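Participant: give me a model of this one.
(one chain, ligands or ions: 2)
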Amino acid sequence: MEKKVCKIELKDGSHRYDVEIGHNLLEKSGQWIISTLAIEAKTIAIISNGKVFGLYGEAVKTSLLKSGFKVIVFLMDDGEEFKNFESFKRVLEFFGKNKFKRTDAVLALGGGVVGDLAGFAASVYLRGLAFLSIPTTLLSMIDSSVGGKTAINTSFGKNIVGTFHQPKGVLIDVETLKTLEEREVLAGFCEAIKHGAIGGYHVLNSVEKFLLESPLESFAENFEDETFLGKLTDLVFDQISLKASVVTKDEKESAKRTDSRSRKILNFGHTVGHALEKVTQYKQFKHGEAVGYGMLVAAEISTRLDILDNNSLNLLKRVVSLIGELPETNAIDVQDVLNSFAYDKKALGDGLHWILLEDIGKPKIVSSFEIPESIIIESLQEILHK
Ligand code: NAD
Ligand code: GLY
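Facilitator: Ligands and ions are numbered 1, 2, ... in the order given. Take a look at the predicted model:
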């Protein structure tokens, strides 16, 4: 099957790049870099972690060497807790030791953690190096690799320090998802459903159709099947198209915008999602799983406020149920969740905003002052304590 290409162009025309999606692509990554970079980079720094590099690093490195690049490799420790200042400092020192030049390029190979750290380091070293990305988790393919947000976590919050630095290109080989752990696949599908909820029936229905035709229980067994790989490519393409349609029109997530196409809508499900992660000390949920609950609570609130009908709420619940069991939430104290909203970083500045739904594909940004606390509490209870 041919690869698909999603063309991304910022509204102001300041940046454009292609996201190439397909399978059997890692072996061609050297050629991809040559055709993607306008500059003639001599050295490519691959930023990855031991696990991902062990699985896919040699294929990428061999291809780059064949294409005439010098390749240097930095492996960070695996885990969200390592997306921090220390790792950032080490990457910069690594660039320095290797006498990295402005004409060289950084290539992230891994999930969103690797991508966020590598992108951030690329954005500041020598005031900005060319950045390329080969995302290898479903979440990083459909979300974090597109749109230019980079970040590290700090003691005062997640993703607090970062930049906007658009990649020069993104290469997605869906076959890499074969080795992804089940919960990571499930968490990625939560984000795909999130895109469906805010993107419209066509996006949500395509996720539902994929899940009905290829149940997640047997996800890893389907990768010999060309038809399955084609469907996965189509799914990722649709998802990226949705994300691109939002981020290209509001690249920097303008603080002023509260319309239904503001980049803020990508945070649908995140108000409760972040709170759930925080009250469980980031130990119980994958981010996507917490967003899964967050979406359902936001939709429940929307229904209780009479802005969303029950059919749409039930559709969303049905599609979420197709991905399998989310972690248990009965023991979570609703009051703890309420308390933690106050610290949500999205609340800084102009009060806490909720992304609610008027329909599938019709998000509405609403100030928390407009939502009675009783409705928030009842909705949390309904979804978390069923
Ligand atoms: P992750 O990067 O931690 O990857 C999850 C796990 O899967 C890791 O253990 C990783 O080593 C492993 N892995 C990666 N690819 C694999 C593969 N193909 N086979 C087997 N194992 C593989 O997590 P993630 O969900 O990809 O990303 C989460 C991060 O993304 C968070 O830090 C979040 O803040 C960030 N994020 C950023 C944006 C953005 O716009 N920049 C958007 C959403 C999320
Ligand atoms: N994942 C949210 C954004 O890219 O804005």
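
Participant: tell me the contacts of Val161?
Facilitator: By CB atoms under 8 Å, 6 or more residues apart in numbering, the contact set of Val161 is 85, 120, 151-152, 154. The way it works is simple: take the backbone N, C-alpha and C, and place the C-beta from them, glycine included.

Participant: scratch that, Ile332
Facilitator: Counting by CB under 8 Å, 6+ apart, Ile332 makes contact with 276, 279-280, 384.

Participant: repeat that with 6 Å
Facilitator: Leu384 (CB atoms under 6 Å, 6 or more residues apart in numbering).

Participant: also Ile301?
Facilitator: Ile301 makes contact with 375, 379 under the criterion CB under 6 Å, 6+ apart.

Participant: rerun that using 10 Å as the cut-off
Facilitator: The contact partners of Ile301, by CB atoms under 10 Å, 6 or more residues apart in numbering, come to 271-272, 307-308, 354, 356-357, 366, 371-372, 375-376, 378-380, 382-383.

Participant: for Ile152, same thing?
Facilitator: By CB under 10 Å, 6+ apart, the contact list for Ile152 reads 82-88, 113, 116-117, 120-121, 158-162.

Participant: angles on the backbone of the residue of the stretch 201-350 of the chain found nearest ligand 2, please.
Facilitator: Here the stretch 201-350 of the chain gets closest to ligand 2 at one residue, Leu266, 3.9 Å apart by CB to the nearest ligand atom. Phi and psi for Leu266, reported as degrees, to the nearest 10, are phi -70, psi -10.

Participant: count residues in the vicinity of it, would you?
Facilitator: Here the number of neighbours of Leu266 (other CB atoms under 10 Å) works out to 23.

Participant: and the gap between it and ligand 1?
Facilitator: Distance, Leu266 to ligand 1, using CB to the nearest ligand atom, to the nearest Å: 8 Å.

Participant: name the nearest residue to that residue, ignoring sequence neighbours.
Facilitator: Closest residue to Leu266 apart from its sequence neighbours, by CB to CB, 6 or more residues apart in numbering: Val246 at 6.1 Å.

Participant: can you pull the contacts of that neighbour?
Facilitator: Residues near Val246 by CB under 10 Å, 6+ apart: 146-147, 195, 198-199, 253, 261-266, 363.

Participant: A helix includes it, no?
Facilitator: Yes. Assessed with DSSP: H, G, I helix; E, B strand; the rest coil, Val246 lies in a helix.

Participant: now do it against Gly294, distance only.
Facilitator: Taking CB to CB, to the nearest Å as the measure, Val246 falls 18 Å from Gly294.

Participant: again with Thr179
Facilitator: Relative to Gly294, and taking CB to CB, Thr179 is found at 28 Å.

Participant: ok, now Lys149?
Facilitator: For Lys149, the distance to Gly294 equals 19 Å [CB to CB].

Participant: kindly report the same for Ala59.
Facilitator: Separation of Ala59 from Gly294 (CB to CB): 36 Å.

Participant: these two: which is more packed in?
Facilitator: More crowded of Ala59 and Gly294, by other CB under 10 Å: Gly294, with 26 against 18.

Participant: dump the helix or strand that one falls within to CSV, restricted to CA.
Facilitator: Assigned by DSSP states H and E, Gly294 falls within helix 287-304. Output of helix 287-304 as CSV, limited to C-alpha atoms (Å, rounded to 0.1, in the frame of the first residue of the first chain):
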residue,chain,number,x,y,z
HIS,A,287,-2.4,10.0,30.5
GLY,A,288,-4.7,8.8,27.8
GLU,A,289,-6.7,6.7,30.2
ALA,A,290,-7.3,9.6,32.5
VAL,A,291,-8.4,11.7,29.5
GLY,A,292,-10.8,8.8,28.7
TYR,A,293,-12.6,9.5,32.0
GLY,A,294,-12.2,13.2,31.6
MET,A,295,-14.0,13.1,28.3
LEU,A,296,-16.9,11.2,29.8
VAL,A,297,-17.2,13.6,32.7
ALA,A,298,-17.1,16.6,30.4
ALA,A,299,-19.8,15.0,28.2
GLU,A,300,-21.9,14.2,31.3
ILE,A,301,-21.6,17.8,32.5
SER,A,302,-22.7,18.9,29.0
THR,A,303,-25.8,16.7,29.1
ARG,A,304,-26.7,17.8,32.6
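
Participant: what are the buried residues along the next helix or strand after it?
Facilitator: Sequence-wise, the next helix or strand downstream of helix 287-304 (DSSP H and E) is helix 310-322. For helix 310-322, a neighbour-count test (16 or more other CB atoms under 10 Å) marks 312-313, 315-316, 319-320 as buried.

Participant: okay, angle between the helix or strand following helix 310-322 and helix 287-304 too, please.
Facilitator: Per DSSP H and E, the first helix or strand lying C-terminal to helix 310-322 is helix 334-341. Helix 334-341 and helix 287-304 are oriented at 100 degrees to each other (axes from the mean of the first three to the mean of the last three CA atoms, to 10 degrees).

Participant: thanks a lot, see you next time.
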